[in-house]
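Engineer: give me a model of this one.
(one chain, ligands or ions: 1)
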Amino acid sequence: MKKILNYIDGELIEPINGEYLDNFNPSTGKVYSVVPDSDHDDINKAVKAAQIAYNEWSQTSKEYRSEMLLKLANILELHTQEFIEAESKDNGKPETLAAKVDLPRALTNLRFFASAILHDSSEMHDMDGEAINYTLRQPIGVAACISAWNLPIYLLTWKIAPALATGNTVVAKPSEITPMTAYLFSKVCIEAGLPKGVLNIVHGAGKKVGDPLTSHPDVPVVSFTGGTATGQHISSITSPMFKKLSLELGGKNPNIIFDDADFEKSVSFASRAAFTNQGQICLCGSRLFIHEKIYEKFKKALIQKASKLNIGNPRSADSNLGAVVSKDHMNKILSKIKEAEKLGGKILLGGTRKILQGDLKEGYYINPTIIEGLDYKCSINQEEIFGPVVSIIPFKDEEQVITMANSTKYGLSASIFTENISKAHRVAAKIDSGVIWINTWLLRDLRIPFGGMKHSGIGREGGFNSLRFFTEPKNICIKL
Ligand code: NAP
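Structural biologist: A predicted model of the protein is given here:
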């Protein structure tokens, strides 16, 4: 049985308490490795190592840190295939998806921030000859980087790259459900010669590892990606301690199809937005609003499209969907589908677990599910399900769809499909979401401010926003 280890002070080590948790392969439902069940002792050790490393790392040049990130990317690239297979095995996603999205993006994250740090600049404010002000941006200290299980190596690198580029050291906590690629990445760090203690990765259960990390007095900055309830809990710990906090949380994203949209394109995007990564992307379009004039035609086309999706072995090149991440998560999704039926929803497609053959028969597969007939205010249309489930809702005009789209507590992303450019801009301006796509979905430029409104988060990451987040501005005023 493969044993995952913590990465602390440059070394791969066992948890101090010697305890481990089972790690499952979602495609088979079988335990295939064990992960440290770390606790506050491991966190204390990691924070100490990061604090000591900070003294030197924060004094290194931008060029040095940039080169180190590039080196990590280059070594990670040499191990791409190993990471693709590991990500798929740990998470249940198709290998083709990990190859197309997760790994390329992890490499880009490292390379993007390696470059961004060399191109950043800070402000100067001239007081008309009386004085000048300039702003220094300095690293903060030991950063906690906590990431979710849906895009494990992608989210881990999205956080640690800007944190390290700006001169902070890091204690990262990957999700205990998908620890494997973070573990492999610690080996990449060792191979690259990353100075000890600069990055530390502590594995284990959410509260047992997360609470001692976020509440640690020597961790002044926390970047978190995960569910809204966990974000709320972390905020209740960090706010009274005046820590800098970035929260990238859940979403219940509207996908709006007007009657003048490019039909084929919008059907295709609606299916992708609902079902990619088994619907486990924070940006998935899980509420699909369709103009009443095209509702029936669109519905039929979507059912036809989604029924062609192949749910199967994540290792096969022809699988469009793999397994959802865990048994608990599968049961949660299935119970939400039952709840939808109780609320009067009609299941147009799917709605059930899919049982595969042979080794895969205990795997956590769910058929892509399309539901209609639910009130936009009901729990299914208000709460994130985070599975391959989309609720379709007709609308009659702009005003009505904007009201429905903005009716949830979330505000992460939205997509609008229309060929009328004025309407697209008008509606985009009125939707309460941090990220809005017009005639597309999940098209990302790493320079944009990324994040959510309302209960979808606090702050923005991406581009210079990430560099700002991981630095403390200090104004210096010089009397002339
Ligand atoms: P989660 O349960 O909130 O967990 C996220 C991370 O926080 C995991 O590493 C988890 O560890 C850890 N954690 C749990 N309790 C903690 C605590 N008390 N203190 C510190 N860390 C703690 O979320 P998830 O189920 O992994 O991820 C799904 C959610 O993430 C969805 O809501 C999705 O929308 C959101 N998400 C948002 C974005 C975005 O950019 N806005 C991106 C991806 C995902 P364990 O897993 O070990 O418990």
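
Engineer: up against the ligand, what does the stretch 51-200 of the chain have?
Structural biologist: Taking CB under 6 Å from any ligand atom, the part of the stretch 51-200 of the chain that reaches the ligand is made up of 146-150, 173, 175-177. The C-beta positions use only the backbone N, C-alpha and C, and glycine is treated the same way.

Engineer: out of those residues, which is most surrounded?
Structural biologist: residue 173 (28 neighbours; other CB atoms under 10 Å).

Engineer: okay but it is in contact with residue 212, surely?
Structural biologist: No. Taking CB atoms under 8 Å as the definition, residue 173 is not a contact partner of residue 212, at 10.0 Å.

Engineer: adding pLDDT and secondary structure, write the residues of the stretch 51-200 of the chain next to the ligand out as TSV.
Structural biologist: Formatted as TSV, these follow (pLDDT from 0 to 100; DSSP: H, G, I helix; E, B strand; the rest coil):
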residue	pLDDT	secondary structure
146	98	strand
147	98	coil
148	98	coil
149	98	coil
150	98	coil
173	98	strand
175	98	coil
176	97	coil
177	97	coil
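
Engineer: with the ligand as the reference, measure out to the nearest residue to residue 136 once chain neighbours are set aside.
Structural biologist: Excluding its sequence neighbours, the residue lying closest to residue 136 (CB to CB, 6 or more residues apart in numbering) is residue 474, at 4.5 Å. For residue 474, the distance to the ligand equals 29 Å [CB to the nearest ligand atom, to the nearest Å].

Engineer: make sure residue 45 is actually in contact with residue 11.
Structural biologist: No. Residue 45 lies out of contact with residue 11 (CB under 8 Å); the separation is 10.7 Å.

Engineer: higher neighbour count, the two?
Structural biologist: Using other CB under 10 Å, the more surrounded residue of residue 45 and residue 11 is residue 45, with 20 against 14.

Engineer: show me what contacts that one?
Structural biologist: By CB atoms under 8 Å, 6 or more residues apart in numbering, the contact set of residue 45 is 8-9, 16.

Engineer: which one of these is nearest residue 37?
Structural biologist: residue 16 (10.6 Å; CB to CB).

Engineer: contacts only, for the closest one.
Structural biologist: 38-39, 41-42, 45.

Engineer: and the gap between the nearest residue to residue 148 once chain neighbours are set aside and the ligand?
Structural biologist: Using CB to CB, 6+ apart and skipping the chain neighbours, the partner closest in space to residue 148 is residue 226 (4.6 Å). The gap separating residue 226 from the ligand is 3 Å, by CB to the nearest ligand atom.

Engineer: what sits against residue 226?
Structural biologist: The neighbourhood of residue 226, defined by CB under 8 Å, 6+ apart, consists of 146-148, 175, 248-249.

Engineer: which phi and psi does it have?
Structural biologist: Main-chain torsions, residue 226, degrees, to the nearest 10: phi 170, psi -160.

Engineer: going forward, the N-terminal residue is numbered 12.
Structural biologist: Yep, numbering from 12; the last one is residue 237 now.

Engineer: quick one: pLDDT of it?
Structural biologist: For residue 237, the pLDDT comes out at 98.

Engineer: same deal with the one 10 residues further on?
Structural biologist: Here, the pLDDT recorded for residue 247 equals 98.

Engineer: please apply the same query to residue 224.
Structural biologist: 98.

Engineer: and it, how many neighbours?
Structural biologist: Using other CB under 10 Å, residue 224 has 27 neighbouring residues.

Engineer: same check on the one 3 residues further on?
Structural biologist: Residue 227: 21 surrounding residues under other CB under 10 Å.

Engineer: how about it, nearest residue that isn't a chain neighbour?
Structural biologist: Nearest in space to residue 227, with sequence neighbours left out and distances taken as CB to CB, 6+ apart, is residue 58 at 5.3 Å.

Engineer: would you say that neighbour is within a helix?
Structural biologist: Yes. Membership of residue 58 in a helix is supported by DSSP: H, G, I helix; E, B strand; the rest coil.

Engineer: for residue 206, see how far away it is.
Structural biologist: 16 Å (CB to CB, to the nearest Å).

Engineer: again with residue 271
Structural biologist: According to CB to CB, residue 271 stands 57 Å off from residue 206.

Engineer: quick one: which helix or strand includes residue 45?
Structural biologist: Assigned by DSSP states H and E, residue 45 belongs to strand 41-47.

Engineer: oh sorry, the question was meant for residue 310
Structural biologist: Following DSSP H and E, one finds residue 310 within helix 306-318.

Engineer: just checking, next helix/strand downstream of that helix?
Structural biologist: Sequence order places helix 338-353 as the next helix or strand after helix 306-318, per DSSP H and E.

Engineer: returning to what we had before: looking at the contacts of residue 56, which is nearest residue 420?
Structural biologist: Of the contacts of residue 56, the one sitting nearest to residue 420 (CB to CB) turns out to be residue 19, at 37.7 Å.

Engineer: ok, now which ones touch that closest one?
Structural biologist: 53, 56-57, 60, 208, 211-213.

Engineer: in what helix or strand does residue 220 lie?
Structural biologist: helix 217-225.

Engineer: follow-up on the earlier one: which strands and helices sit next to the strand holding residue 45?
Structural biologist: Judged by 3 or more CB pairs under 8 Å, 6 or more residues apart in numbering; DSSP states H and E, the packing partners of strand 41-47 are strand 13-14, strand 31-36.

Engineer: just confirm yes or no for the helix or strand following the shortest one near the ligand.
Structural biologist: Downstream of strand 13-14, the first helix or strand assigned by DSSP H and E is strand 17-19. No. Figure legend: strand 17-19 not in contact with the ligand (CB under 6 Å from any ligand atom); closest approach 13.5 Å.

Engineer: chain center to strand 17-19: distance?
Structural biologist: Its chain's average C-alpha position is 22 Å from that of strand 17-19, according to CA atoms, centre = their mean, to the nearest Å.

Engineer: mind checking how far the helix or strand that comes right after it is from the chain centre?
Structural biologist: Using DSSP H and E, the helix or strand that directly follows strand 17-19 along the chain is strand 22-24. What separates the centre of strand 22-24 from the centre of its chain is 26 Å, taken as CA atoms, centre = their mean.

Engineer: for the helix or strand where residue 117 lies, packing partners?
Structural biologist: Following DSSP H and E, one finds residue 117 within helix 114-130. For helix 114-130, the packing partners by 3+ CB pairs under 8 Å, 6+ apart come out as helix 73-89, helix 91-102, helix 163-176, helix 474-480.

Engineer: most packed of the ones you listed?
Structural biologist: Of all the helices and strands packed on helix 114-130, helix 163-176 has the most neighbours on average by mean count of other CB atoms under 10 Å, namely a mean of 27.

Engineer: now the angle between helix 73-89 and that one, please.
Structural biologist: Helix 163-176 and helix 73-89 meet at an angle of 160 degrees, taking axes from the mean of the first three to the mean of the last three CA atoms, to 10 degrees as the criterion.

Engineer: using PDB, list the CA coordinates for helix 163-176.
Structural biologist: Output of helix 163-176 as PDB, limited to C-alpha atoms (Å, rounded to 0.1, in the frame of the first residue of the first chain):
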ATOM      1  CA  PRO A 163      -6.000  19.300  -6.800                       C
ATOM      2  CA  ILE A 164      -2.700  20.200  -8.400                       C
ATOM      3  CA  TYR A 165      -4.200  23.100 -10.400                       C
ATOM      4  CA  LEU A 166      -5.500  24.800  -7.200                       C
ATOM      5  CA  LEU A 167      -2.400  24.100  -5.200                       C
ATOM      6  CA  THR A 168      -0.100  25.700  -7.700                       C
ATOM      7  CA  TRP A 169      -2.500  28.600  -8.300                       C
ATOM      8  CA  LYS A 170      -2.000  29.500  -4.600                       C
ATOM      9  CA  ILE A 171       1.600  28.600  -3.900                       C
ATOM     10  CA  ALA A 172       3.100  30.100  -7.000                       C
ATOM     11  CA  PRO A 173       2.200  33.800  -6.200                       C
ATOM     12  CA  ALA A 174       2.800  33.200  -2.500                       C
ATOM     13  CA  LEU A 175       6.400  32.000  -3.200                       C
ATOM     14  CA  ALA A 176       7.100  34.500  -6.000                       C
END
